[in-house]
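Trainee: Can you look at this prediction? I've put the sequence above it.
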Amino acid sequence: MTAPDVVGVIRSRWLPPAVALVVFLGLWYLVSEVLLDDDRRFLLPPPHAVVEVAFLNPANRASLLHGLALSATVALVGFLVAAVLGVAIGTAMSQARWVERSLYPYAVLLQCVPVLALVPVVGFWFDFGLTSRVIVTVLIALFPVISATLFGLQSADRGQHDLLTLHRASRVTRLVKLQFPSALPALLTGLQVAATLAVVGAVVGDLFFKQGTPGIGVLIDLYRARLQTEQLLGAALLACLLGVAAFSLLGLLIRATTGEWHGATAYDRPR
Amino acid sequence: MPAPADVLLELAGVERTFPDGTAAVHDLDLRVCRGEFVSVVGPSGCGKSTLLRLVSGLEPATAGTVDVAPCRLGHVFQDATLLPWRTVSRNVELLAELEGIPRPERRQRVERVLELVGLTGFARARPAALSGGMRMRASLARSLVLEPELFLLDEPFGALDELTRERLNDELVALFTGGAFTAVFVTHSVAEAVFLSSRVVVMSPRPGRIVGEVAVPFPYPRPMHLRFAPEFGRLAAQVSLLLRGDTDQSRVVPA
């Protein structure tokens, strides 16, 4: 990359979000330093106070990072379970119309049920440890994987199917050589959605369990009760970063596996 | 009458009605002998593609008989239907893979047909990086890998520009001349049909049946300038008149 290139990339890719961030921080300062009275500043402490109290204080930082580690574990395990289960269910649905007809309505139902209502029940049955938190995460992250798998497996075109039919390809061959690869772009996008939902699920489940080892959710509830807004915002920021990390990792996976042939970038490559 | 052993394909009184009740082809009779290049021309939607799908067994006939002599079959579709995640050489390898040809032989065959269709330099490219003409070449190569005896081509060059189409026609004639296959080629281009074929059959609008045929006596290989010969024009005119349902061949000025 030559020097003007670097300048160009910085200007076109990094400058706009940087400007937006500066504007956002400016508004934040405006609200907390100018609009709020001193005795009400706890409603929105300024950014530097958040950093100082939540991240620079060793004790506070330790409990936040500990909570983050727990929530990240729950999100990761929940995501993996949802991915495996979702792909399996979606594949089963794609193989027989009757499986799709009997399961899909319930998958939709699962997506629509307010998971918060189920949290206490899950707690009664599976106790308030890691298992319950993972179950809540799976409940939230499962549906996008099922529907993306099903949609993806049905996306191969008729001509490609005909080609395999002509050569008497078996079901398994058809899945391996045609349907799974064609499903990959949709499937990975579904997994990307599921990954961010898994983070949401891990935090929300945790928040409502209020018991067991504290993850980010329990901490958020604690800070809320104690009006420790700096730490509350710090915890929210960490949860958010965890979600962005999950999203970006899946994004890298998408580019690594389908970037060569799928979507607009495939056409831009030098021939 | 050809000897029965020479008949590769025989359709007799074939009818194909779709589940929704529309008849695609009706009372279709066609016989193709080994070594022929038969083009099927007809208006859009007359059941030309259905004819090929009946032959390759992708669709069942609702009446009549479809007899295909036991032989290796190749079927090239209107779209190239390449798998976008595979490179050109892996795409060309696909059918050989499905047929269980061992890898070393597969690789040899792929290399040979890629050279045959002029894609050697693009073996590692993905379909997205190819032009429409090159994709079609890859699609042809994929079928040629299995050395088909009966080659069914369903309007393979329909989506290409005129220049590319003519070039691919020249290449197909060369392949046919050098190869050992029999071809049934569906198209709605009269010039293409006459240039390629030893015999052109004409179908009526839907439900399609065969309304006439024109023998094309030019020997193979056929030079590209054959297209400008007066006799070529006369044969093309005959086919065009049949397509319009005009059976008065006296309109065609004798050569």
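Mentor: Sure, I can see it. Numbering: from 1, shown residues only, chains lettered A, B, ... in the order given.
Trainee: Just the C-alpha atoms of the helix or strand where A:Tyr104 lies, please, in PDB.
Mentor: For A:Tyr104, the element it lies in under DSSP states H and E is helix A:97-112. What follows is helix A:97-112, C-alpha atoms only, in PDB (Å, rounded to 0.1, in the frame of the first residue of the first chain):
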ATOM      1  CA  ARG A  97     -41.900 -32.100   4.000                       C
ATOM      2  CA  TRP A  98     -43.600 -33.700   7.000                       C
ATOM      3  CA  VAL A  99     -40.800 -32.900   9.400                       C
ATOM      4  CA  GLU A 100     -40.900 -29.300   8.300                       C
ATOM      5  CA  ARG A 101     -44.700 -29.200   8.600                       C
ATOM      6  CA  SER A 102     -44.600 -30.600  12.100                       C
ATOM      7  CA  LEU A 103     -41.700 -28.700  13.500                       C
ATOM      8  CA  TYR A 104     -41.600 -25.300  11.900                       C
ATOM      9  CA  PRO A 105     -44.700 -23.800  13.600                       C
ATOM     10  CA  TYR A 106     -43.200 -24.700  17.000                       C
ATOM     11  CA  ALA A 107     -39.900 -23.200  16.000                       C
ATOM     12  CA  VAL A 108     -41.700 -19.900  15.200                       C
ATOM     13  CA  LEU A 109     -43.600 -20.300  18.500                       C
ATOM     14  CA  LEU A 110     -40.300 -20.700  20.300                       C
ATOM     15  CA  GLN A 111     -39.100 -17.500  18.800                       C
ATOM     16  CA  CYS A 112     -42.200 -15.600  19.800                       C
END
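Trainee: Average pLDDT for that helix, rounded please.
Mentor: For helix A:97-112, mean pLDDT rounds to 89.
Trainee: Tell me which residues are up against that helix.
Mentor: Residues from elsewhere that reach helix A:97-112, judged by C-beta atoms under 8 Å, 6 or more residues apart in numbering or on different chains: A:Ile89, A:Ala92, A:Met93, A:Ser94, A:Leu139, A:Leu142, A:Phe143, A:Ile146, A:Ser147, A:Leu150. (Glycine included, C-beta is placed from N, CA and C.)
Trainee: Show me which of the residues you listed is closest to chain B.
Mentor: A:Ser94 (18.0 Å; C-beta to the nearest C-beta).
Trainee: Can you give me the distance of the closest one to A:Lys177?
Mentor: 15 Å (C-beta to C-beta, to the nearest Å).
Trainee: so how far is A:Leu233 from A:Leu43?
Mentor: 11 Å.
Trainee: The two - which one has more neighbours?
Mentor: A:Leu233 (21 against 11; other C-beta atoms under 10 Å in any protein chain shown).
Trainee: Pretty sure that one sits against A:Glu52.
Mentor: No - using C-beta atoms under 8 Å, A:Leu233 makes no contact with A:Glu52, being 11.8 Å away.
Trainee: Tell me if B:Ala12 really is in a strand.
Mentor: Yes - the assignment for B:Ala12 by DSSP: H, G, I helix; E, B strand; the rest coil puts it in a strand.
Trainee: what does chain A have sitting close to chain B?
Mentor: A:157, A:159-160, A:162-169, A:173, A:177-178, A:181-182, A:184, A:258, A:260-262, A:266-267, A:269, A:271 (C-beta under 8 Å from any C-beta of the partner chain).
Trainee: packing partners for the host helix or strand of A:Phe24?
Mentor: Assigned by DSSP H and E, A:Phe24 belongs to helix A:15-29. Contacts defined by 3 or more C-beta pairs under 8 Å, 6 or more residues apart in numbering or on different chains; DSSP states H and E place helix A:15-29 against helix A:47-50.
Trainee: Okay, buried residues for the helix or strand following the helix it packs on please.
Mentor: For helix A:47-50, the following helix or strand on the C-terminal side (DSSP H and E) is helix A:58-95. Of all the residues in helix A:58-95, those buried under the rule 16 or more other C-beta atoms under 10 Å in any protein chain shown are A:60, A:63-64, A:67-68, A:70-72, A:74-79, A:81-83, A:86-87, A:89-91, A:93-94.
Trainee: Could you list every helix and strand that helix A:58-95 packs against?
Mentor: helix A:97-112, helix A:130-153, helix A:180-209, helix A:216-225, helix A:229-258.
Trainee: May I see the ones you listed arranged in JSON lines, with distance to B:Val113 as well?
Mentor: Listed next are these as JSON lines, based on distance: least, C-beta to C-beta, whole Å:
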{"stretch": "helix A:97-112", "distance to B:Val113": "39"}
{"stretch": "helix A:130-153", "distance to B:Val113": "31"}
{"stretch": "helix A:180-209", "distance to B:Val113": "23"}
{"stretch": "helix A:216-225", "distance to B:Val113": "59"}
{"stretch": "helix A:229-258", "distance to B:Val113": "28"}
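Trainee: Specify the stretch among the ones you listed that is closest to B:Gln78.
Mentor: Proximity to B:Gln78 (C-beta to C-beta) singles out helix A:180-209 among the helices and strands packed on helix A:58-95, at 19.0 Å.
Trainee: Now find how far off-centre the closest one is within its chain.
Mentor: With C-alpha atoms, centre = their mean, to the nearest Å as the basis, helix A:180-209 stands 5 Å off its chain's centre.
Trainee: before we move on, what about stretch A:70-81?
Mentor: For stretch A:70-81, the distance to the chain centre is 10 Å (C-alpha atoms, centre = their mean).
Trainee: relative orientation of the helix holding A:Tyr104 and helix A:130-153 in degrees?
Mentor: On the basis of axes from the mean of the first three to the mean of the last three C-alpha atoms, to 10 degrees, helix A:97-112 is oriented at 130 degrees to helix A:130-153.
Trainee: Okay, angle between helix A:97-112 and helix A:58-95 too, please.
Mentor: Relative orientation of helix A:97-112 versus helix A:58-95 (the same axes, to 10 degrees): 150 degrees.
Trainee: Mind checking what helix or strand follows helix A:97-112 in sequence?
Mentor: Downstream of helix A:97-112, the next assigned helix or strand under DSSP H and E is helix A:115-126.
Trainee: so for that next one, what's the average pLDDT?
Mentor: Helix A:115-126 comes out with an average pLDDT of 84.
Trainee: got it, and stretch A:16-28?
Mentor: Mean predicted lDDT for stretch A:16-28 stands at 93.
Trainee: neighbours around the closest residue to A:Val200 other than its chain neighbours, how many?
Mentor: Nearest residue to A:Val200, sequence neighbours excluded (C-beta to C-beta, 6 or more residues apart in numbering or on different chains): A:Ile140, at 6.5 Å. By other C-beta under 10 Å, 23 other residues sit near A:Ile140.
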